[in-house]
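Visitor: A structural model of the following input is requested.
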Amino acid sequence: TLMKKSLILIALLVAPFLASAQNAFDVFEDQKDVTSFVATKNMFKLLSKMDFDSNDPEVKEYLELVNSLDNIKIFTTDNISVASKMNDAVSKYVSASSSLSELMRVKDDGKNIKFYSKEGKDTNHVSELLMHLTGDLDGKERTVIMSITGNIDLKKVSKLTKDLNVPGTEELKNIDKKKQ
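Guide: Numbering: from 1, shown residues only. Prediction:
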């Protein structure tokens, strides 16, 4: 029974680390002054079952991308104290995750944008894409965290984030140029 207890203890200690990608930023979802958008695998499955014009290659490509995602979470605030907590959460998450590495940094027009990723099945795919934006958006100081998990094709994800109108993600169109 000592062995069983040890295994249970190890499982309990390891579980928070395994779930950290899902939960690192979820605390912001219900906070006052935070705008949140969360789409799960179930939403993507539902989208793929809708009867779109499947002869259109662009629609097919889009559905393939969406089908390969687990979730998208976007949290935005212009509240300074919440922004500080969000910045701390990103720093803590990035430093605690040895498999997360910086993909690129952009400092432009009063904004600082950092993209981080976890390796995927090949060089064009990542299993997690994290964007952290701080700075001036539409004349207001804002902080944005976007986390996408799944089998993410870096060449196609900029189209999705552009359609979702996520501030800062326009820089993803340059991802191929910066990754070389």
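Visitor: from residue 42, how far out is the residue nearest to residue 159 when sequence neighbours are not counted?
Guide: Nearest non-adjacent residue to residue 159, counting by CB to CB, 6 or more residues apart in numbering: residue 62, 7.1 Å away. (C-beta placed from N, C-alpha, C; glycine too.) Per CB to CB, to the nearest Å, residue 62 is found 18 Å from residue 42.
Visitor: check whether residue 116 really touches residue 101, as I assumed.
Guide: Yes - if you go by CB atoms under 8 Å, residue 116 and residue 101 touch, sitting 6.6 Å apart.
Visitor: higher neighbour count, the two?
Guide: For the pair residue 116 and residue 101, the greater number of neighbours falls to residue 116 (21 against 12), based on other CB atoms under 10 Å.
Visitor: which elements pack onto the helix or strand hosting that one?
Guide: Using DSSP states H and E, residue 116 sits within strand 111-119. If you count contacts as 3 or more CB pairs under 8 Å, 6 or more residues apart in numbering; DSSP states H and E, strand 111-119 packs onto strand 100-108, strand 125-137.
Visitor: winner for burial among these?
Guide: strand 125-137 (a mean of 21; mean count of other CB atoms under 10 Å).
Visitor: using CSV, write out every CA atom in that one.
Guide: Provided in CSV are the C-alpha atoms of strand 125-137 (Å, rounded to 0.1, in the frame of the first residue of the first chain):
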residue,chain,number,x,y,z
HIS,A,125,3.0,23.1,-36.5
VAL,A,126,3.0,23.9,-32.8
SER,A,127,0.9,22.4,-30.0
GLU,A,128,0.4,25.7,-28.2
LEU,A,129,0.6,29.3,-29.4
LEU,A,130,0.6,32.0,-26.7
MET,A,131,0.4,35.7,-27.5
HIS,A,132,0.9,38.4,-24.9
LEU,A,133,0.2,42.0,-25.9
THR,A,134,0.6,45.1,-23.8
GLY,A,135,0.3,48.7,-24.8
ASP,A,136,-1.9,51.2,-26.7
LEU,A,137,-4.9,49.7,-28.5
